[in-house]
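J.: Structure of the sequence below:
(one chain, ligands or ions: 1)
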Amino acid sequence: MAVVDDPKAASDATVYSVYTDLKVMRDIARTCTRCDLCKTRTQVVFGDGPYVPPGEIGIMMMGEAPGEDEDKQGKPFVGRSGKLLNTLLEQAGLKRETIWVTNTNKCRPVLIEGKSVKNRAPTPPEQKACEIWWQNEIDLLKPQIILCLGATAAKKILDNKGFMITKDRGKWFQGPKNTEVLVSYHPSYVMRQQGEAFTLIKDTVVEDLREVVRRLEALRAGTAPLQPWQKSNKPDDGQLSMF
Ligand code: SF4
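T.: Residues are numbered from 1 along each chain as shown. Below you'll find the model as predicted:
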């Protein structure tokens, strides 16, 4: 893999670049034209959070793509769904400013019909083109936990097209680059619920966030039980010794 901090890499769809500085990468990403979403975006919405050395960020929060408010303001999870997310984080005892918040796609995917401009999910080629940025965010920040919000981000991060949020939400998965991944509902999905369903889904997200807090505390204290895939990675786990 090439090691470059090179503006040309932002538009070179064939190079998987390894960046060495998060701010440099952010500035290069802001000029990215790797997919057609660059034609309709107002601006690239790069991840947001503390710029700290690798390993100091415990949690990376990963959504799908910016919406209208994010596209205008240039920050992930702002607007109504961002405000709801902040409230839910607070209820779970998490400070947003300690988390790296980002998306698997950094530009807003839109459906334009006449004068109407609506959000849509990114296509697989658009997701593939943007992978370089979140892969490098993980490389440079080395979070222990990735909290995916919504099934689109989960399928991409877990490389699991069969992921079903109704069945797999709230479970721990082996993530990329030694991370542990938990998936919860996207705040915009929570906002679409009404009455009792709203309370139920909102409380479910808060409980998922609390599980993330518990796991991070245990990981940092060195008391976290091994996950199933970590047990099976141990050389003699579940196998008889040959000697
Ligand atoms: S969505 Fe990602 S790959 Fe596409 S132009 Fe924006 S930053 Fe580049």
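J.: Okay, and the beta partners of the nearest residue to Asp208 once chain neighbours are set aside?
T.: If the residues on either side of it in the chain are set aside, Asp208 comes closest to Ser184, at 3.8 Å by C-beta to C-beta, 6 or more residues apart in numbering. Yep, even glycine has a C-beta here, placed from its N, CA and C like the rest. Listed by DSSP bridges, the beta-bridge partners for Ser184 are Leu149.
J.: Tell me where this structure has strands.
T.: Secondary structure of the chain (DSSP state E): strands located at 59-63, 100-103, 110-113, 116-119, 145-149, 172-174, 180-184.
J.: now the last one and strand 145-149, what's the angle there?
T.: What that stands for is strand 180-184. 20 degrees (axes from the mean of the first three to the mean of the last three C-alpha atoms, to 10 degrees).
J.: tilt between the helix ranked longest in the chain and strand 59-63?
T.: Longest helix in the chain, counting residues (DSSP state H): helix 195-221. Counting by the same axes, to 10 degrees, helix 195-221 lies at 150 degrees to strand 59-63.
J.: Counting by contacts, list what helix 195-221 packs against.
T.: Under the contact criterion of 3 or more C-beta pairs under 8 Å, 6 or more residues apart in numbering; DSSP states H and E, helix 195-221 touches helix 79-91, strand 145-149, strand 180-184, helix 187-192.
J.: mind checking how far it is from the chain centre?
T.: Its chain's average C-alpha position is 16 Å from that of helix 195-221, according to C-alpha atoms, centre = their mean, to the nearest Å.
J.: and if you look at stretch 156-169?
T.: With C-alpha atoms, centre = their mean, you get 13 Å for stretch 156-169.
J.: Quick check: end-to-end length of that stretch?
T.: 15 Å (C-alpha to C-alpha, to the nearest Å).
J.: Buried residues in it, which are they?
T.: Within stretch 156-169, the residues scored as buried using 16 or more other C-beta atoms under 10 Å are 156-158, 163, 165, 168-169.
J.: which residues are contacting it?
T.: By C-beta atoms under 8 Å, 6 or more residues apart in numbering, the residues outside stretch 156-169 that reach it are 62, 104, 127, 131, 134, 146, 148, 150-151, 154-155, 173, 175-176, 181, 183-185, 204, 208.
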